[in-house]
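Student: here's a sequence, model it:
(2 chains)
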Amino acid sequence: MAGTMQRIGHKVFDAIDRVNYRVVYIALAVSLAAPFILGHWEATPKPRAITRGLYDTIEECAETGKPVFLLNSWIMDSRGENQPQFECLVDHLMRRRVKFVMLSFMPDTAIVGREICQKTEAYYKEHYGDDYLQYGRDWLMIGYRPVYETGGWQIWVPNMKTKGIVGSFSTDYMGHELTEYPIMQRPESALQEEAEKRAREGKAEQAEGEPEQYLQLDDFGLIIEVHYTAQIAPWLTGLVRLDKDFVGLDGKPKIEMASATVNMVVNQMLPYYDSGDLCGILAGVQGAVEYSELLQDKYGTGPSRKDVSQRVNPYSMGVLFVLFVIVLGNLSMVWKTLHERREARGGG
Amino acid sequence: MSKVRIIRLTVLIAGIYFVVVFLIGGIWKESLDEKVFGEITPVYTDVIRVIALFAIGVGVVNIFMVHTHRIVRGRPNWEHSIVLLSAFIVMFTFAILKWTGTQPEPGQPYEGVAGLFDYVVTRIMVHMNSTIYSFLAFFVASAALRAFRVRGLESAVMMIGAVIVLLSMAPETAFPFLFEVRERLDLWLNTAVFRALTFGMYLGSITVALRMWLGIERSALFEAS
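Tutor: Take a look at the predicted model:
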């Protein structure tokens, strides 16, 4: 009996060792397609602290009325992870009517992002009436701008900080002047705050002058970067170096920053979260599912829910498949090693 | 002055600018910021724009020259060149149509002829890009079977970490405690290790940057041919 088992085991593991890569590819394709064929299932993970941090900050922006700057710069290669994240974030911002300005450094993402925003806006208008959301009043798309147009990664944040949004990007994606849109007007509280700050610093000539009328980088309550790499570092270095008031007494930035990125590079972002530079991180499609869960818990189903929960199933199947083949490969190796030792001892 | 010297001098001057801005800018912030970001940086940004636009122009001309030659002379894979040039011309035409066509109300999608560009991007290009990247999954699966083997203590530790992380990456798995374990791994071990790596990485970057700045880096850029 033991001999038969050994022979079968040997044959099986030998076959695994010499399996054609096409078989692996087909098996993976079947695993990935399974959720589409058999139907999707709901995933309900417990939201992690990094996800909750971002969610809470947006909630806080809804309370304080501060706008959000959304840098939508993922690429289609990372669509599987970044798109659900983007959908969740736009869903939350629009649902809570948090004003947001969106910029993209990627041409195709600018268009896809705009479509998602327009669909989400249409959904909420249908449910709550036409006046619930309005382009230019509640959200705005600067659109695609090549990085070189803004002077490169290291320069464009300080540039925007010095020149303001209108000074850096004069038009929206359609070429309309940004100054035409109500969202670009600074909130009354920001104007007052700046006037007080000027007076406090004793800059007589500046205190007499009018504070900047249009939205400044400091006025944003949160900056979110949806990206396929860990690009938030230039933001941090640019902002922290530029403004001595940017870091509060507690050592944390006064403008909250968050990142939504692919699972592969989340490790690079975690030190920034740990130090308090980032208020939250959406880690891959899993982060999107957790975020969707938070939205579902508090506000019920929104337009992003279905897409997010459908995207995570094939992803999980892929991850589990990779895990399965790792285990299989290692079992095969262990079996072979034991077999060789047994043969060496003459146990045949 | 030789070409190499001109390049070295340009790099040195540009380097001085960045050192001033990023290292000592913070000390004399009040006086420097207005000067640097108000006056110098816009000029620098314009120079970058001009260079980038020239690069794009050169790229377009180069693509046309290379592929037209290939088609005319019937070199191997000339059919691919036809596809490339056709796609280029089609997208360029659609972009012009979007520019010159009927503009929608703010916040509304482009429609009709003006919407062709967006249509091609969202219905064709997006899916092609995603498809190409998704091939990576197949290579990873193949490598996972053949290469990810536990051959010693170090690889065993790595494998245990990988299994925990992989299992916790699938939210449907029936091991909720793994999420807690992964969170600890991420925030304790990973953060410490990554900080150390980042320090090393930036020290290396500074070394290379210094060598380039001072012109002691031996590369094609700094050596006479």
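
Student: against which helices or strands is the helix ranked longest in chain A packed?
Tutor: Counting residues, the longest helix in chain A under DSSP state H turns out to be helix A:305-344. Helix A:305-344 sits against helix A:2-17, helix A:21-38, helix A:79-95, helix A:284-299, helix B:126-146, helix B:153-169, with contacts defined as 3 or more CB pairs under 8 Å, 6 or more residues apart in numbering or on different chains; DSSP states H and E. Where you see a C-beta, it was placed from the backbone N, CA and C, and this is true even at glycine.

Student: helix or strand with the lowest mean pLDDT in chain A?
Tutor: helix A:204-208 (a mean of 51; mean pLDDT, DSSP states H and E).

Student: what's next to the following helix or strand past that helix, contact-wise?
Tutor: Sequence-wise, the next helix or strand downstream of helix A:204-208 (DSSP states H and E) is strand A:222-227. By CB atoms under 8 Å, 6 or more residues apart in numbering or on different chains, the residues outside strand A:222-227 that reach it are A:54, A:57-58, A:61, A:66, A:68-74, A:82, A:85-86, A:89, A:231-232, A:235, A:255-261, A:279, A:282.

Student: and residue 213, how many neighbours?
Tutor: In the absence of a named chain, this looks at chain A. Applying other CB atoms under 10 Å in any protein chain shown, we find 13 residues neighbouring residue A:213.

Student: you looked at the wrong chain, it should be chain B
Tutor: Using other CB under 10 Å, residue B:213 is surrounded by 18 other residues.

Student: mind listing what it touches?
Tutor: Contact partners of residue B:213, counting by CB under 8 Å, 6+ apart, are B:11, B:12, B:15.

Student: tell me the pLDDT at it?
Tutor: Note on residue B:213: pLDDT of 85.

Student: how about the closest residue to residue A:277 other than its chain neighbours, secondary structure?
Tutor: Residue nearest to residue A:277 in three dimensions, not counting chain neighbours: residue A:236, with 5.5 Å by CB to CB, 6 or more residues apart in numbering or on different chains. Here residue A:236 is recorded as helix under DSSP: H, G, I helix; E, B strand; the rest coil.

Student: which phi and psi values does the residue of the stretch 51-200 of chain A found nearest chain B adopt?
Tutor: With CB to the nearest CB, the shortest gap between the stretch 51-200 of chain A and chain B falls at residue A:135, namely 2.4 Å. When read as degrees, to the nearest 10, the backbone of residue A:135 gives phi -60, psi 130.

Student: ok, residue A:171 next?
Tutor: In terms of degrees, to the nearest 10, the main-chain angles of residue A:171 are phi -130, psi 160.

Student: do the same with residue A:195
Tutor: phi -60, psi -40.

Student: from what I can see residue B:81 touches residue B:67, true?
Tutor: Yes - here residue B:81 reaches residue B:67: they are 3.8 Å apart, a contact under CB atoms under 8 Å.

Student: tell me, what's touching the two both at once?
Tutor: Common neighbours of residue B:81 and residue B:67 (CB under 8 Å, 6+ apart) do not exist.

Student: follow-up on the earlier one: pull out the buried members of the contacts of strand A:222-227.
Tutor: Buried by 16 or more other CB atoms under 10 Å in any protein chain shown: A:54, A:57-58, A:61, A:66, A:68-74, A:82, A:85-86, A:89, A:231-232, A:235, A:255-261, A:279, A:282, out of those.

Student: look up how far residue A:303 lies from residue B:122.
Tutor: Noted for residue B:122: a distance of 17 Å to residue A:303, by CB to CB, to the nearest Å.

Student: whoops, residue B:88 was the one
Tutor: Residue B:88 sits 36 Å away from residue A:303 when distances are taken as CB to CB.

Student: more neighbours: which of these two?
Tutor: Taking neighbours as other CB under 10 Å, residue B:88 and residue A:303 compare with residue A:303 leading, 20 against 14.

Student: and the longest helix along chain B, what's buried?
Tutor: Ranked by residue count, the top helix of chain B under DSSP H comes out as helix B:41-72. Within helix B:41-72, the residues that count as buried by 16+ other CB under 10 Å are B:41, B:44, B:45, B:48, B:67, B:70.
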